[in-house]
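Undergrad: 3D, please:
(one chain, ligands or ions: 1)
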Amino acid sequence: MESKIWLSSPHMGGNEQSYVNNAFETNWIAPLGPHVDGFENEIQNFLKDNSLVAALSSGTAALHLALIVLGVKPGDEVICQSKTFSASANPIVYQGATPIFIDSEEDTWNMSPEVLETAIQDRIKKGKKPKAIIAVHLYGMPYKATEIHAIAKSYNIPVIEDNAEALGSSYKNKKCGTFGDIAILSFNGNKIITTSGGGALVTKDEAVKQKAIFLATQARDNAVEYLHSSIGYNYRLSNVLAGIGRGQMEVLEDRVNARRQNFDTYKTALNNIEEITFLNEPKDCYSNRWLSCIMTPSESIREGLRLKLLEYNIESRPLWKPMHQQPVFRSCPSYKNGVSDNLFKKGLCLPSGSNLTENELNRVISGIKTYFRAC
Ligand SMILES: Cc1ncc(COP(=O)(O)O)c(C=O)c1O
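TA: Next up is the predicted model:
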């Protein structure tokens with residue numbers, strides 16, 4: 001059996017180890033320290049646009065703190081893109097609020113502006129204005145920020161930009177992660193850069209950054225003794241892991257280029273298989289192509305292909321199962337147009353790591369070609 005080809009595995013740049021060694025040598029083995037500060041500064045310099053960054057233990061923690069900072073409370077409703085990973089929606093429930101799921105548009109696979117507006121109007125009619133909107137740049141493809149944010153603004157609802165999958169992407173030449181009232185990043189092991197586990201909250205408001213850090217470090221009031229007047233969390237990023245992040249920030253642009261190159265390689269090589277289609281970048285969108293995805297003609301063909309690739313020891317995955325189909329969220333209101341159900345049925349994510357070798361890419365391509373020649 002040939003070696004396993006993973007969907008998206010960590011890819012170190014080379015300098016991570018020396019930052020980690022430095023953390024040990026200086027004994028900054030804590031959820032604070034020079035690497036945490038340095039990592040935050042480096043992300044800020046990358047995002048630009050007056051971004052302020054609080055480094056946290058995960059993207060999920062960042063979403064949770066974003067909801068708290070925006071005042072989401074039990075009984076509230078929060079709008080969330082349905083086609084996403086469950087981590088986008090779970091923190092809504094941590095807050096005792098109800099997720100309201102919104103279907104996708106064909107162009108970007110992200111939140112449909114039309115469905116969003118219909119849903120907001122309907123929720124207001126039913127008696128509750130949503131407290132926030134969580135919009136996601138899925139697989140690195142930017143959502144239509146101009147439209148989504150204009151709608152949000154017209155109803156005065158803040159947007160949390162879930163940028164877990166799209167660091168390095170941009171929309172209208174502005175970096176993803178700079179659009180939301182609050183944005184979040186993830187540095188989970190499968191992301192475009194990783195700290196093994198980690199995340200960040202991005203804001204333009206120093207008070208929001210400080211509030212996020214306060215809540216992430218157990219909400220300690222300004223006193224010599226341990227004094228608490230609110231509930232806190234243990235959500236800060238470790239200085240050791242931030243060291244990995246600093247090494248990864250040095251190679252972020254390379255990682256984006258490599259993932260975009262994977263997409264182009266697949267697209268060119270599979271061009272004459274007419275059963276396969278790709279999501280092209282709509283005008284104004286620049287995707288980091290975190291995962292290269294294809295659409296097949298049917299669920300059975302998609303599943304047949306996945307199993308065929310598995311025979312060759314190649315991991316591939318169906319596109320995210322929409323949240324409105326998840327048993328845990330089935331009772332939540334949802335506004336659907338069939339797009340995300342169709343994407344889930346027919347779509348497949350291919351191996352997309354920035355460390356894939358030419359030989360590995362060729363193995364994936366030849367596996368796909370073999371399958372379609374036979375069926
Ligand atoms: C769209 C999306 N949102 C949120 C998250 C949560 O990030 P983390 O795993 O760092 O908690 C992830 C990834 O895991 C994700 O893909």
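Undergrad: I'd assumed Asp341 was in contact with Leu319.
TA: No - counting by Cβ atoms under 8 Å, Asp341 is not a contact partner of Leu319; they are 10.6 Å apart. For the C-beta atoms, the positions are set from N, CA and C on the backbone; glycine is no exception.
Undergrad: who has more neighbours, these two?
TA: Each of Leu319 and Asp341 has its neighbours counted (other Cβ atoms under 10 Å); Leu319 has more, 23 against 18.
Undergrad: quick one: contacts for the nearest residue to that one once chain neighbours are set aside?
TA: Nearest non-adjacent residue to Leu319, counting by Cβ to Cβ, 6 or more residues apart in numbering: Gly347, 3.6 Å away. By Cβ atoms under 8 Å, 6 or more residues apart in numbering, the residues touching Gly347 are 293-296, 302, 318-319.
Undergrad: can you tell me the centre-most residue of this structure?
TA: Ala164 (2.4 Å; Cα atoms, centre = their mean).
Undergrad: from the ligand, how far off is Pro10?
TA: As judged by Cβ to the nearest ligand atom, to the nearest Å, Pro10 and the ligand stand 13 Å apart.
Undergrad: please identify the helix or strand for the closest residue to Pro113 other than its chain neighbours.
TA: Excluding the flanking residues, the one nearest Pro113 by Cβ to Cβ, 6+ apart is Glu147, at 3.9 Å. Here Glu147, judged by DSSP states H and E, is contained in helix 145-154.
Undergrad: give me the pLDDT for the residue nearest to Leu319.
TA: We have a pLDDT of 98 for Gly347.
Undergrad: distance of it from Glu274?
TA: Separation of Gly347 from Glu274 (Cβ to Cβ, to the nearest Å) stands at 17 Å.
Undergrad: can you check Ile160 too?
TA: 40 Å.
Undergrad: quick one: contacts for the residue of the chain found nearest the ligand?
TA: At 2.6 Å from the ligand, Gly59 is the closest residue in the chain, using Cβ to the nearest ligand atom. Gly59 sits next to 87, 162, 164, 184-188, 199-200 when contact means Cβ under 8 Å, 6+ apart.
Undergrad: show me which of those neighbour the ligand.
TA: 87, 162, 164, 186, 188, 199 (Cβ under 6 Å from any ligand atom).
Undergrad: mark which of these are part of helices, please.
TA: In helices, defined here by DSSP state H, there are no members of these.
Undergrad: helices of this structure, residue ranges please.
TA: Under DSSP H, the chain gives helices at 16-25, 34-47, 59-69, 90-94, 113-125, 145-154, 206-216, 239-249, 252-269, 299-311, 339-346, 358-374.
Undergrad: only the buried residues of stretch 103-119, if you could.
TA: Under the neighbour-count criterion of 16 or more other Cβ atoms under 10 Å, stretch 103-119 has 103-105, 107-113, 115-117, 119 buried.
Undergrad: would you turn those into a markdown table with pLDDT and distance to Arg289?
TA: What follows is these, written out as a markdown table (pLDDT from 0 to 100; distance: Cβ to Cβ, whole Å):
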| residue | pLDDT | distance to Arg289 |
| --- | --- | --- |
| Asp103 | 98 | 23 |
| Ser104 | 98 | 18 |
| Glu105 | 98 | 19 |
| Asp107 | 97 | 16 |
| Thr108 | 98 | 13 |
| Trp109 | 98 | 13 |
| Asn110 | 98 | 15 |
| Met111 | 98 | 20 |
| Ser112 | 98 | 22 |
| Pro113 | 98 | 23 |
| Val115 | 98 | 25 |
| Leu116 | 98 | 25 |
| Glu117 | 98 | 29 |
| Ala119 | 98 | 29 |
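Undergrad: just the closest of those to Thr265, please.
TA: Trp109 (20.9 Å; Cβ to Cβ).
Undergrad: for Ala164, see how far away the closest residue to that closest one other than its chain neighbours is.
TA: Once flanking residues are discounted, Trp109 sits nearest to Leu138: 5.3 Å by Cβ to Cβ, 6+ apart. From Leu138 across to Ala164, the span is 10 Å (Cβ to Cβ).
Undergrad: then Met111?
TA: 15 Å.
Undergrad: ok, and for stretch 332-339, which residues are buried?
TA: Residues of stretch 332-339 classed as buried under the neighbour-count rule (16+ other Cβ under 10 Å) are 332-337, 339.
Undergrad: so which of those sit within strands?
TA: 334-335 (DSSP state E).
Undergrad: and the buried residues of stretch 332-339 as a markdown table, adding distance to Pro91 and pLDDT?
TA: Supplementary listing: those in a markdown table, determined by distance: Cβ to Cβ, whole Å; pLDDT from 0 to 100:
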| residue | distance to Pro91 | pLDDT |
| --- | --- | --- |
| Cys332 | 14 | 98 |
| Pro333 | 18 | 98 |
| Ser334 | 18 | 98 |
| Tyr335 | 20 | 98 |
| Lys336 | 22 | 98 |
| Asn337 | 25 | 98 |
| Val339 | 24 | 98 |
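Undergrad: for Pro31, state which of the buried residues of stretch 332-339 is nearest.
TA: Cys332 (33.5 Å).
Undergrad: ok, and the closest non-adjacent residue to the closest one?
TA: Pro99 (5.0 Å).
Undergrad: so what's the one you found up against?
TA: So Pro99 contacts 77-80, 89, 92-93, 323, 329, 332 (Cβ under 8 Å, 6+ apart).
Undergrad: which among those count as buried?
TA: By 16+ other Cβ under 10 Å, the contacts of Pro99 give 77-80, 89, 92, 323, 329, 332 as buried.
Undergrad: chain neighbours aside, what residue packs nearest to Ala164?
TA: Ser186 (3.6 Å).
Undergrad: beta partners of the one you found?
TA: Gly199 (DSSP bridges).
Undergrad: give me the pLDDT value at it.
TA: At Ser186, pLDDT is 98.
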